[in-house]
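Participant: Prediction below, plus the sequence it came from.
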Amino acid sequence: MTRSRIKDDNNDYVAYTQSLLAEKFPTKEAVITEIMNLEAILHLPKGTEHFVSDLHGEYGAFDHILRNGSGNVKQKIKETFEGRLTEKNLQDFAILIYYPEDKLDYQKKQLKNNEDLQQWYLDTISHLLELLQVVATKYTRSKVRKAMDPNFVYITEELLYTDPHELDKRNYVDQLMKNLVTMGVTDEFIIATCYTIQRLVVDHLHVIGDIYDRGEHPDMIMDKLMNYHSVDIQWGNHDMLWIGAAAGSQLCMLNLLRICARYNNLAIVEDAYGISLRHLSKFAEENYTENPAFTPKLVKGDTYNFQGEQLQLTQIQQAVAVMQFKLEGQVIAREPDFKMDEQALLGKIDYQKKSIQLHGKVYLLDNTCFKTIDPQDPYSLTIEEKQILSGLTQSFINSKALRHHLDFLMEKGSMYLCYNGNLLVHGCLPVDVKGNFLAFTYAGKKYAGKELLDFFENQVRKAYTTPFCEDEHPADIVWYLWQGPVSPLFGKQEMTTFERYFIKDKKTHEEKRNPYFALRKNEAFCDKLLEEFGLDHNGHVINGHTPVKRGHDAIQANGKMLVIDGGYSKAYQPTTGFGGYTLLYNSYGLQLVAHHPFTSKEDSIKNGQDIISTTRVVNNELNRKLVADTDIGKHLQKNVVLLRALLEKQKD
Ligand SMILES: O=P(O)(O)OC[C@H]1O[C@](O)(COP(=O)(O)O)[C@@H](O)[C@@H]1O
Ligand SMILES: [Mn+2]
């Protein structure tokens, strides 16, 4: 585009926006009011951003962290009441704000004496109002109002903005409080106020990928996100499996089914998304048997629902894995641009000797289950496998409940996001050992760096909107994002699923990481990443994806790189040794929060247990950041300029 064209477009945009504004604010007074309103907002402190990642279906832990704002609610309580309330009362008050309904029930059972209970109500309401006042100071009245339960807006505002210390007003406030009690809505009021506080403590949530797989309830996480006031999502490699399955990729679907069987989570497919696995289960039962390599991974405290479930899951996992390896061969053959020939493995097997040749070396295969494989044509599916797959594919494409969740994942999600100067990506930017962006060539065109991510994003959107057609396979690329060597979401050379099932030698299980993960410790490399996305060197790169072990630093490259795999995945906690990291970015700067593993909601309420978290400051802003310093603030500033111009016009 030429310079003058850009200028013309820009002028058109200005004229267009100005005409919209003129319609919205038709009088001089209306324009002046709006300018004053915007100028005031620009001077408020920046809202708090909350970053979480790798939720992996762990609804309980995620829900808890949302409710406590990664420790931010407790922090506000401490700042407001320390010295006035005992440690136990501070903690009890915090639990009330996280789980108001349950805590109220518990409290009522505890305080049998009516007078004690009445006193508790009065104290609690006055503490809640005090805290609400503190957390509301960052926002305009109109934003605070939007955060309130519509049923209690009037009374909350009266209580919030009236000073009870003014003698004339005390009677009025007392009367309002009494009314709450006499009308029998104290509980509702307390509950509503607790949720308003939760909501105001975090202004915006970023989910840096991998909502799905391994844990029990990604569906409930999706519901929760869909009801959250402000959120964006960066897609993770596991999320791609579900998007791919809904877009008709059988390979994505097989991978997710295999993972569900492996982690004893098939209920999510059947119960939450209404997809019947009866045919698959029957086929697996008829063709596969006990096999130690396919024993499901149970997390601590998890049990089987019925006798024989373990065997059933083992059989399903094998049936699905074999179909997966067959289809990998087919997709790799029809997509030469993927350059993954080395990873079509069934053709490299000597079926008589039960061995495979990998990278020039022969390995014996253990625990094989190749009954349905034709050695002459190893990638072909049997008739029954084909039938099962086509039935399942249709079910995944047509599941309304799944679409409902994935539509949201598409709408709020993207491959990466630049937000308030930071770059958010689940995995990495694939590079060579020198840090040069690796190119992926597709249909004769090369893509690298930011362009690569943009390319993949377009392809994912295309595949999602055109599910499954006979000859074209737009969703193949979605599968590539799961395990392709130049996938920014995977970030490894190859996935060794087959090797981990069938080969003893652990060396073959290694998945070599892209050089990005070593280079990201280096500040200059991070600056290069930020530049690639048009961001300045004050920004940070924020990744998820790689579980950070206890003792390994989540803050790298002199604070420029932050790796916050939430470590929610219970299955991975024995490896990481703790409950993972989240991140907060408020007007004072960035803080990394380390969490202990979450036990349960019941434990929190009964024993006052919180997820103990420790906060580490990543950086402290020299000057407190204001809305004016944020992306939204910049947008508002542009509007102020346009409104001022409009005002000039109106004066003429
Ligand atoms: O531990 P599991 O469930 O067998 O999964 C291992 C696989 O998961 C992956 O780590 C991908 O999942 P993550 O994105 O959670 O890391 C693969 O690289 C690996 O092959
Ligand atoms: Mn991941």
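Facilitator: Looks like it arrived, so ask away. Ligands and ions are numbered 1, 2, ... in the order given.
Participant: Now do the same for the residue of the stretch 301-450 of the chain with the smallest separation from ligand 1: helix, strand or coil?
Facilitator: When C-beta to the nearest ligand atom is the measure, the stretch 301-450 of the chain has its nearest residue to ligand 1 at Gly427, with 7.6 Å between them. Where you see a C-beta, it was placed from the backbone N, CA and C, and this is true even at glycine. Reduced to three states with DSSP: H, G, I helix; E, B strand; the rest coil, the structure at Gly427 is coil.
Participant: which residues in the stretch 251-400 of the chain form strands?
Facilitator: Taking DSSP state E, counting those that start in this stretch to define them, one finds strands in the stretch 251-400 of the chain at 349-350, 355-358, 361-364.
Participant: one step back: and the residue of the stretch 301-450 of the chain closest to ligand 1, its phi and psi?
Facilitator: In this entry, Gly427 is assigned phi and psi values of phi -100, psi -90 (degrees, to the nearest 10).
Participant: residues contacting it?
Facilitator: Contact partners of Gly427, counting by C-beta atoms under 8 Å, 6 or more residues apart in numbering, are 209, 236-237, 487-491, 543-545.
Participant: switch to 7 Å and redo it
Facilitator: When contacts are counted by C-beta atoms under 7 Å, 6 or more residues apart in numbering, Gly427 touches 237, 488-491, 543, 545.
Participant: Grab the nearest non-local neighbour of Leu280.
Facilitator: Leaving aside its sequence neighbours, Leu280 sits nearest to Ile388 (C-beta to C-beta, 6 or more residues apart in numbering; 5.3 Å).
Participant: can you count the residues close to Arg170?
Facilitator: Neighbouring residues of Arg170 were enumerated by other C-beta atoms under 10 Å; the total is 13.
Participant: Kindly indicate whether the spatially closest residue to it that is not a sequence neighbour is helix, strand or coil.
Facilitator: Distance criterion C-beta to C-beta, 6+ apart; nearest residue to Arg170, sequence neighbours excluded, is Pro164 at 5.4 Å. The three-state assignment at Pro164 reads coil, by three-state DSSP.
Participant: Roughly how far does Pro164 sit from ligand 2?
Facilitator: Using C-beta to the ion, to the nearest Å, one gets 51 Å for the distance from Pro164 to ligand 2.
Participant: Can you give me the neighbour number for that residue?
Facilitator: Using other C-beta under 10 Å: Pro164 sits among 16 other residues.
Participant: you'd agree it is up against Tyr172?
Facilitator: No - in this structure, Pro164 sits apart from Tyr172 without contact. The criterion is C-beta atoms under 7 Å, and the distance is 8.5 Å.
Participant: Determine how far stretch 324-335 lies from the middle of the whole chain.
Facilitator: For stretch 324-335, the separation from the chain centroid amounts to 30 Å (computed by C-alpha atoms, centre = their mean, to the nearest Å).
Participant: change the start of the numbering to 41 and stick with it
Facilitator: Yep, numbering from 41; the last one is stretch 364-375 now.
Participant: So which bits of it are buried?
Facilitator: Within stretch 364-375, the residues that qualify as buried by neighbour count (16 or more other C-beta atoms under 10 Å) are 364-372, 375.
Participant: check whether it contacts ligand 1.
Facilitator: No - against ligand 1, stretch 364-375 shows no contacts by C-beta under 6 Å from any ligand atom, the least distance being 12.3 Å.
Participant: what's that stretch in contact with?
Facilitator: Contacts of stretch 364-375 with the rest of the structure, by C-beta under 7 Å, 6+ apart, involve 290-291, 294-295, 298, 378, 380-381, 383-387, 418-419, 421, 513, 516, 519, 538.
Participant: And the residues you listed, which of them are buried?
Facilitator: Buried residues within the contacts of stretch 364-375, defined by neighbour count using 16+ other C-beta under 10 Å: 290-291, 294-295, 298, 378, 380, 383-386, 418-419, 421, 513, 516, 519, 538.
Participant: The one helix or strand Glu688 maps to - what's its average pLDDT?
Facilitator: Using DSSP states H and E, Glu688 maps to helix 671-691. Rounded to a whole number, the mean pLDDT of helix 671-691 is 89.
Participant: from the stretch 491-640 of the chain, which residue is nearest to ligand 1?
Facilitator: Counting by C-beta to the nearest ligand atom, the stretch 491-640 of the chain gets nearest ligand 1 through Met535, at 4.6 Å.
Participant: before we move on, back to that, can you check which of the strands of the stretch 291-440 of the chain gets nearest to ligand 2?
Facilitator: Between ligand 2 and the strands of the stretch 291-440 of the chain, the shortest gap by C-beta to the ion is with strand 395-398, which sits at 24.6 Å.
Participant: Counting neighbours, what do you get for the closest residue to ligand 2 within the stretch 91-240 of the chain?
Facilitator: Per C-beta to the ion, the residue of the stretch 91-240 of the chain with the smallest distance to ligand 2 is Asp94, at 6.3 Å. Number of residues near Asp94 (other C-beta under 10 Å) recorded here: 28.
Participant: quick one, helices of the stretch 591-692 of the chain?
Facilitator: In chain order, the stretch 591-692 of the chain shows helices spanning 613-616, 641-647, 671-691, with DSSP state H, counting those that start in this stretch as the criterion.
Participant: again, but for the stretch 441-590 of the chain
Facilitator: Ranges of helices within the stretch 441-590 of the chain are 489-505, 516-523, 537-542, 556-559, 563-572, based on DSSP H, counting those that start in this stretch.
Participant: how far away is the closest residue to Pro418 other than its chain neighbours from ligand 2?
Facilitator: Nearest residue to Pro418, sequence neighbours excluded (C-beta to C-beta, 6+ apart): Leu386, at 3.8 Å. In this structure, Leu386 and ligand 2 are 26 Å apart, going by C-beta to the ion.
Participant: and what of Gln523?
Facilitator: For Gln523, the distance to ligand 2 - C-beta to the ion - is 11 Å.
Participant: Tell me what angle the longest helix seen in the chain forms with helix 516-523.
Facilitator: The helix spanning the most residues in the chain, taking DSSP state H as the definition, is helix 349-374. For the pair helix 349-374 and helix 516-523, the angle between their directions (axes from the mean of the first three to the mean of the last three C-alpha atoms, to 10 degrees) equals 120 degrees.
Participant: Distance from helix 349-374 to the middle of the chain?
Facilitator: Helix 349-374 has its C-alpha centroid displaced from the chain centroid by 28 Å (C-alpha atoms, centre = their mean).
Participant: Same check on stretch 272-288?
Facilitator: Taking the mean of its C-alpha atoms, stretch 272-288 sits 12 Å from the chain's own mean (C-alpha atoms, centre = their mean).
Participant: Just checking it against ligand 2, any contact.
Facilitator: Yes - on the criterion C-beta under 5 Å from the ion, stretch 272-288 is in touch with ligand 2 at 276-277.
Participant: So which bits of the protein are right by ligand 1?
Facilitator: Neighbours of ligand 1 within the chain, by C-beta under 6 Å from any ligand atom: 250, 277-278, 532, 535, 537, 551, 585.
Participant: And those, which is the shakiest by pLDDT?
Facilitator: For the residues of the chain next to ligand 1, the minimum pLDDT belongs to His585; the value there is 93.
Participant: Could you measure from the closest residue in space to it that isn't next to it in sequence over to Phe557?
Facilitator: Setting aside the residues directly before and after it, His585 is nearest to Gly467 in space (C-beta to C-beta, 6+ apart), at 4.7 Å. Distance from Gly467 to Phe557, counting by C-beta to C-beta, to the nearest Å: 9 Å.
Participant: Mind listing the shared neighbours of the two?
Facilitator: Gly531.
Participant: and the residue positioned nearest the centre of the chain, what are its phi and psi?
Facilitator: Centroid-nearest residue in the chain: Val247, 2.9 Å away (criterion: C-alpha atoms, centre = their mean). With angles defined as degrees, to the nearest 10, Val247 shows backbone torsions of phi -110, psi 110.
Participant: list the contacts for it?
Facilitator: With contact taken as C-beta under 7 Å, 6+ apart, Val247 is in contact with 92-93, 95, 265, 271, 273.
Participant: again, but for Ala307
Facilitator: Ala307 is in contact with no residue at all, counting by C-beta under 7 Å, 6+ apart.
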